[in-house]
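[1] Curious how this folds, go ahead:
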Amino acid sequence: MYNKNAVRKKIYIKNMFGKCCIRIVKKDFEDNHIQVLNIKQGFAEIEYNSANIDIQKISEILALSDLSLIKNNEEKIIEKLKITVRELIFEMNNVDSIAKKSEYIIEKLGLNYRYLSRLFSKYELITLEKYIISNKIERIKQLISENEYSLSEIAYMMDYSSVQYLSTQFKKEAGITVSDYKELIT
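    Sure, this is the predicted structure:
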C-alpha cells in the first residue's frame, strides 16, 4: 500500500567513521521507525513517514551518538576528505610518501590539494596536516597496543623517516613518550 507521507532521502552524516558507527546509526534509525535503504561511512539513504518524523528528529537521533547532518556541499567535501585520510592511515597503513598521500587524496576527491587544505581549515578547528598527524598518532597507538610490530616497522608503515622522528612527534601530540604509553597499556 502506498503511503502518501513516505519520504525517501539521502542524508550526509558528519563524523560517521567505522563499521561500529554504521551499526549504531542503522539501529538508532530503525528503533525510531526510519527504514535504512543503504548506509555507508558518511551517508545513509532512508525512508520515513513525514507525519511522524522530520529532519529535526533525524538530527536529534544522530546527536545521541555525537553525529550531525551535513548541511552543504563544502561540508560534504570535508567529510569525504576525513574518510579518505582515515582510509589512507588506518586501512592502507600510509606506506607511501607525503607526495603520494596528497596524490591519493587529490585522486580520490578530484580536487586541488591546496583548495582542500584551505576548505578543511575553514570548517575544522585544525589544519589538514594536523588532522593527518593526529590520525597517524591514533593509528600508532593502535599498532603499539596490538603488539605485532616493532617501533621501526611502525615508523616505516606510518611514513616516518626514523623511530626518533616518530617518537618526537608522538610525545608532542600525545603528551606522553612511546615508552610510557607502552607501559600504560600493559
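
[2] if I look at the closest residue to residue 185 other than its chain neighbours, how far off is residue 92?
    Using CB to CB, 6 or more residues apart in numbering and skipping residues adjacent in sequence, the residue nearest residue 185 is residue 145, 5.2 Å away. Every residue, glycine included, has its C-beta placed from N, CA and C. Using CB to CB, to the nearest Å, we find residue 145 at a distance of 19 Å from residue 92.

[3] those strands in this protein, which residues are they?
    Across the chain, reading from the start of the chain, the strands by DSSP state E fall at 6-14, 35-40, 43-49, 68-69.

[4] Redo those strands as CSV? Include distance to residue 183.
    What follows is the strands of the chain, written out as CSV (distance: least, CB to CB, whole Å):
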stretch, distance to residue 183
strand 6-14, 36
strand 35-40, 38
strand 43-49, 41
strand 68-69, 37
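
[5] Out of these, the one nearest residue 137 is which?
    Among those, strand 6-14 comes nearest to residue 137, with 21.6 Å by CB to CB.

[6] what angle separates the closest one from strand 35-40?
    On the basis of axes from the mean of the first three to the mean of the last three CA atoms, to 10 degrees, strand 6-14 is oriented at 30 degrees to strand 35-40.

[7] Quick check: buried residues in stretch 155-163?
    155, 156, 157, 158, 159, 160, 163 (16 or more other CB atoms under 10 Å).

[8] Now the terminal residues of it, how far apart.
    The stretch stretch 155-163 measures 6 Å between its terminal residues, going by CA to CA, to the nearest Å.

[9] Check stretch 43-54 too.
    The distance separating the two terminal residues of stretch 43-54, taken as CA to CA, comes to 17 Å.

[10] Quick one: the helices in the protein, in order.
    In the chain, the helices defined using DSSP state H lie at 18-31, 55-63, 73-86, 98-109, 113-123, 128-146, 151-157, 163-174, 178-185.

[11] who wins for proximity to residue 45 among these?
    Between residue 45 and these, the shortest gap by CB to CB is with helix 18-31, which sits at 10.8 Å.

[12] Residues touching that closest one, excluding its own?
    Contacts of helix 18-31 from elsewhere in the structure, counted by CB atoms under 8 Å, 6 or more residues apart in numbering, are 13, 16, 35-36, 39-41, 44, 46, 61-62, 64-65, 67.

[13] can you list the domains in the protein?
    The record's domain split for the chain, according to automatic domain parsing, is 6-69, 73-185.

[14] Lowest average confidence across those, which one?
    Taking each of those in turn, the one with the lowest mean pLDDT is domain 73-185, at a mean of 90.

[15] That domain: end-to-end distance?
    For domain 73-185, the first-to-last residue distance is 41 Å (CA to CA).

[16] How about stretch 173-186?
    Start to finish, the residues bounding stretch 173-186 are 21 Å apart (CA to CA).

[17] what about that stretch, distance to the chain center?
    Taking the mean C-alpha point of stretch 173-186 and that of its whole chain, the gap between them comes to 23 Å (CA atoms, centre = their mean, to the nearest Å).
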